[in-house]
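Enquirer: Let me see the structure of the following:
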Amino acid sequence: MSENNYQPPKVWKWDQQGAGSWSKINRPIAGATHEMALPVGKHPLQLYSMGTPNGQKVTILLEELLALGISGAEYDAHLIRISEGDQFSSGFVDVNPNSKIPALLDNAVSPAVRVFESGAILLYLAEKFGHFLPQDRAARTEALNWLFWLQGSAPFVGGGFGHFYHYAPEKIEYAINRFAMEAKRQLDVLDRQLAEHRYIAGDEYTIADMAIWPWYGVLVQGGLYDAAEFLDVGTYSNLQRWAKEIGERPAVKRGRIVNRTWGEPSQQLRERHDASDFDLRTEDKQG
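Expert: The predicted structure follows:
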């Protein structure tokens, strides 16, 4: 049925068959669909995730902490295959009742602390280890301003623009135009901020940069939704400069491939349980 003829019913009902490939990722109810315990590795920090932009935020921060020599940031990154419904297992729902990746379990404390929502995980780890979040109140607030900006803005780029431009089975002009306009407005917000600052929140590299780069940095570098030309991303020169600088950081290069199961083999690391996994990417760690 074309968009021009569609009329919403009085009461919406979920058509699981009509949902197609998305039927295992989204559903209109919460809770577990099946019993399955989560695996537990050898490190205190247990991350359950997938290498999407939201998942990359956390692994980038963990790799940055490890690069500083903070051994307590060692972690196990277990793959949650959202297309297979792993996020609806009883074990995952216990860690995140919202059934979205990433989710973190900190077993270094008793009782263990669960942390869900990527922004909350970044804040938790930054405070736990005392890095990448300024101590000065004004600078800290500015970093949090941008962290929360990202948490509110990225859904427009992902579930909005990305969905209708790249994933939706039917191209709906109104929806694409609506979200393209918002995506470009957000890119302009960042470009203007970066015209005056080296990093997103000022002159210091923070969790705000780590949160925003997997979405907007990758987008303007042409690696998200194949939309670089459509959004004319080359016009955002300040954002391009920042995206390139962040992307060249060794910890970012490592963190962005953790729990990734698509793309070039060199850009995949199915699970991460030790620093050596980046060098020993055997077949069981890819795809």
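
Enquirer: Do a quick rundown of the strands in the stretch 1-150 of the chain.
Expert: Using DSSP state E, counting those that start in this stretch, the strands of the stretch 1-150 of the chain run over 45-49, 75-79, 103-106, 113-116.

Enquirer: Rebuild those strands as JSON lines, extending it with mean neighbour count, distance to Leu144 and mean pLDDT.
Expert: For the C-beta atoms, the positions are set from N, CA and C on the backbone; glycine is no exception. Listed next are the strands of the stretch 1-150 of the chain as JSON lines, based on neighbours: other C-beta atoms under 10 Å; distance: least, C-beta to C-beta, whole Å; pLDDT from 0 to 100:
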{"stretch": "strand 45-49", "mean neighbour count": "25", "distance to Leu144": "22", "mean pLDDT": "98"}
{"stretch": "strand 75-79", "mean neighbour count": "24", "distance to Leu144": "23", "mean pLDDT": "98"}
{"stretch": "strand 103-106", "mean neighbour count": "23", "distance to Leu144": "19", "mean pLDDT": "98"}
{"stretch": "strand 113-116", "mean neighbour count": "17", "distance to Leu144": "16", "mean pLDDT": "98"}
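
Enquirer: Which one, of those, ends up nearest to Leu269?
Expert: Ranking these by their distance to Leu269 (criterion: C-beta to C-beta) puts strand 75-79 first, at 8.2 Å.

Enquirer: Taking their axis directions, the closest one and strand 45-49 sit at what angle?
Expert: Angle of strand 75-79 versus strand 45-49, following axes from the mean of the first three to the mean of the last three C-alpha atoms, to 10 degrees, is 20 degrees.

Enquirer: any residues touching strand 75-79, and which ones?
Expert: 38-43, 45-50, 59, 62, 86, 258-259, 261, 270-273 (C-beta atoms under 8 Å, 6 or more residues apart in numbering).

Enquirer: Now intersect those residues with the helices, please.
Expert: 59, 62 (DSSP state H).

Enquirer: right, and the strands of the stretch 1-150 of the chain - which one's nearest Glu248?
Expert: From these, taking C-beta to C-beta, the stretch that ends up closest is strand 75-79, at 22.2 Å.

Enquirer: next one: the closest one to chain centre, how far?
Expert: With C-alpha atoms, centre = their mean, to the nearest Å as the basis, strand 75-79 stands 15 Å off its chain's centre.

Enquirer: export that strand as PDB, just CAs?
Expert: What follows is strand 75-79 as a C-alpha-only set of coordinates in PDB (Å, rounded to 0.1, in the frame of the first residue of the first chain):
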ATOM      1  CA  TYR A  75      37.300  -6.100  30.000                       C
ATOM      2  CA  ASP A  76      35.600  -9.000  28.200                       C
ATOM      3  CA  ALA A  77      33.400  -7.900  25.300                       C
ATOM      4  CA  HIS A  78      30.800 -10.600  24.500                       C
ATOM      5  CA  LEU A  79      28.900 -10.400  21.200                       C
END
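
Enquirer: Any idea which residue is closest to the centre of the chain?
Expert: Closest to where the C-alpha atoms of the chain average out (C-alpha atoms, centre = their mean) is Asn54, at 0.9 Å.

Enquirer: how about the nearest residue to Pro39, chain neighbours excluded?
Expert: Of all residues not flanking Pro39 in the chain, His78 sits nearest, at 5.3 Å (C-beta to C-beta, 6 or more residues apart in numbering).

Enquirer: Which among the contacts of strand 75-79 count as buried?
Expert: Neighbour counting over those (16 or more other C-beta atoms under 10 Å) leaves 38, 41, 43, 45-50, 59, 62, 86, 258-259, 270-273 as the buried ones.

Enquirer: ok, and what's touching stretch 133-150?
Expert: So stretch 133-150 is in contact with 119, 122-123, 126-127, 189, 193, 200-202, 204, 206-208, 211-212, 215, going by C-beta under 8 Å, 6+ apart.
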